[in-house]
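K.L.:
Need coordinates for the below:
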Amino acid sequence: MVVKEFRDKYAFLSNFHPCWIDFNYLGYRWSATSVEHVYQACKATDLPGVRWIMKARHAGHAKARGGDTVLRPDWDEIKDHIMEGAVRQKFQDRALAHLLLSTGDATLIEGNRWHDNYWGDCGCKKCAKIEGQNKLGKILVKIRSELKGVSP
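P.N.:
So this is what the prediction gives:
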């Protein structure tokens, strides 16, 4: 089985899905309501920037604010680690972990139409010849395997 989009029955796999995440950043402890809030906030280099993103009403708003912030200079080196840490904490919630385990051995692909071939695999005509890296899907499979107690 292949899950090609994180919508409907599989919306819980999305970084926009509501969850509770506590994290430390810039010497402060923060609480976020989605993986997207954490990921976008960690792009910021200063406390006002982090606060501005963390006050976003919803994950889409956090994503937009993250796109308007000045990136920390080492962002490309740390973004995978930030994403994995936030997704890992999300699935510490027992109900969400159970849902992730319910995907069995399915291949998880963060299919999209917004040209994200790094975290997912865009299915638009423009990206048809580009194979997405699907890093988010791979993180989810890794965490699912760990929850099962097996190697991915």
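
K.L.:
Going by residue numbers, what spans are helices in this protein?
P.N.:
35-41, 47-54, 59-67, 75-90, 94-101, 135-148 (DSSP state H).

K.L.:
tally of neighbours for Cys127?
P.N.:
By the measure other CB atoms under 10 Å, the count of residues near Cys127 is 17. (Glycine included, C-beta is placed from N, CA and C.)

K.L.:
go on, His61?
P.N.:
For His61, using other CB under 10 Å, the count is 15.

K.L.:
dump the residue contacts of Asp46.
P.N.:
Leu26 (CB atoms under 8 Å, 6 or more residues apart in numbering).

K.L.:
just the one 4 residues further on next, same as before
P.N.:
Applying CB under 8 Å, 6+ apart to Val50 gives the contacts 25-26, 28, 30, 41, 44.

K.L.:
any idea how far Arg113 is from it?
P.N.:
29 Å (CB to CB, to the nearest Å).

K.L.:
Make sure Trp75 is actually in contact with Lys43.
P.N.:
Yes - with contact defined as CB atoms under 8 Å, Trp75 counts as touching Lys43 (6.1 Å).

K.L.:
So for the two, which residue has more residues nearby?
P.N.:
Ranked by neighbour count (other CB under 10 Å), Trp75 and Lys43 place Lys43 first, with 21 against 13.

K.L.:
Tell me who's in contact with that one.
P.N.:
49, 53, 66, 69, 71-72, 75.

K.L.:
from those, which is closest to Lys126?
P.N.:
Gly66 (23.1 Å; CB to CB).

K.L.:
what about that closest one, distance to Ser14?
P.N.:
16 Å.

K.L.:
More neighbours: which of those two?
P.N.:
Gly66 (21 against 17).

K.L.:
thought the more buried one was touching Ile53?
P.N.:
Yes - the criterion here is CB under 8 Å, and Gly66 meets it with Ile53 at 5.7 Å.

K.L.:
So for these two, which residues contact both of them?
P.N.:
With CB under 8 Å, 6+ apart as the test, Gly66 and Ile53 both reach 40-41, 43-44.
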